[in-house]
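# Sequence first, then the predicted structure, then my questions.
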Amino acid sequence: QLQLIESGGGLVQAGGSLRLSCVASGRIITNYAMGWFRQAPGLEREFVAAISYLSNTYLADSVKGRFTISRNNAENAVYLQMNSLKPEDTALYYCAASVSGPSRLRAGDSNYWGQGTQVTVSS
């Protein structure tokens, strides 16, 4: 089993930055596509970013130019750097892992999910 633990969320003013971390345990993530999703109250969970095992990256249109996803296999971790945050970025952010690649991960077909870390952006 792969366990995913997110951290780094918090309260930030609009225009600020946060860096989310997702540390995996139980298995190494080398062969997994990793990603981030978010869910705001009353809304469906939505794709934010994904990174393949070759470190090819994919971003939702709403975060392009502001968010960056990266991975460090030596640390068994994936990161989401969020800059120029907006109030509409407020959500619970989840880390996900998929053995089926980034396309399936983007579709929500992930083998493992974390518990989430809350990001709140004030206006």
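Nice, thanks for sending it over. Numbers count the residues shown, from 1 in each chain.
# Name the residue closest to the centre of the chain, please.
Trp36 (2.2 Å; C-alpha atoms, centre = their mean).
# if we look at the lowest-mean-pLDDT helix or strand in the chain, which residues are touching it?
Taking mean pLDDT, DSSP states H and E as the measure, the chain has helix 102-106 as its least confident helix or strand, at a mean of 90. With contacts defined as C-beta atoms under 8 Å, 6 or more residues apart in numbering, helix 102-106 is touched by 33-35, 47, 50-52, 56, 58, 96-98, 110. The way it works is simple: take the backbone N, C-alpha and C, and place the C-beta from them, glycine included.
# let's go with 6 Å and repeat that
Contacting residues not belonging to helix 102-106 are listed as 33, 35, 47, 50, 52, 58, 98 [C-beta atoms under 6 Å, 6 or more residues apart in numbering].
# Next, the buried residues of that helix.
Across helix 102-106, burial judged by 16 or more other C-beta atoms under 10 Å covers 102, 105-106.
# again, but for stretch 104-115
Neighbour-count burial for stretch 104-115, counted by 16+ other C-beta under 10 Å, picks out 105-106, 110, 112-114.
# Equivalent analysis for stretch 50-62, please.
Within stretch 50-62, the residues scored as buried using 16+ other C-beta under 10 Å are 50-53, 58-60.
# pLDDT check: weakest of these?
Within the set of the buried residues of stretch 50-62, pLDDT is lowest for Tyr53 (93).
# where does that residue fall, helix, sheet strand or coil?
State at Tyr53, reduced to three classes by DSSP: H, G, I helix; E, B strand; the rest coil: coil.
# now it, nearest residue through space, not along the chain?
Ranked by C-beta to C-beta, 6 or more residues apart in numbering and with sequence neighbours excluded, the top spatial neighbour of Tyr53 is Asn31, at 5.4 Å.
# ditto for Leu43
Ala91 (7.9 Å).
# was I right about the one you found contacting Ala40?
Yes - Ala91 lies in contact with Ala40 (C-beta atoms under 6 Å); the separation is 4.3 Å.
# Looking at the two, which one has more neighbours?
Set Ala91 next to Ala40 and count neighbours by other C-beta atoms under 10 Å: Ala91 wins out with 21 against 14.
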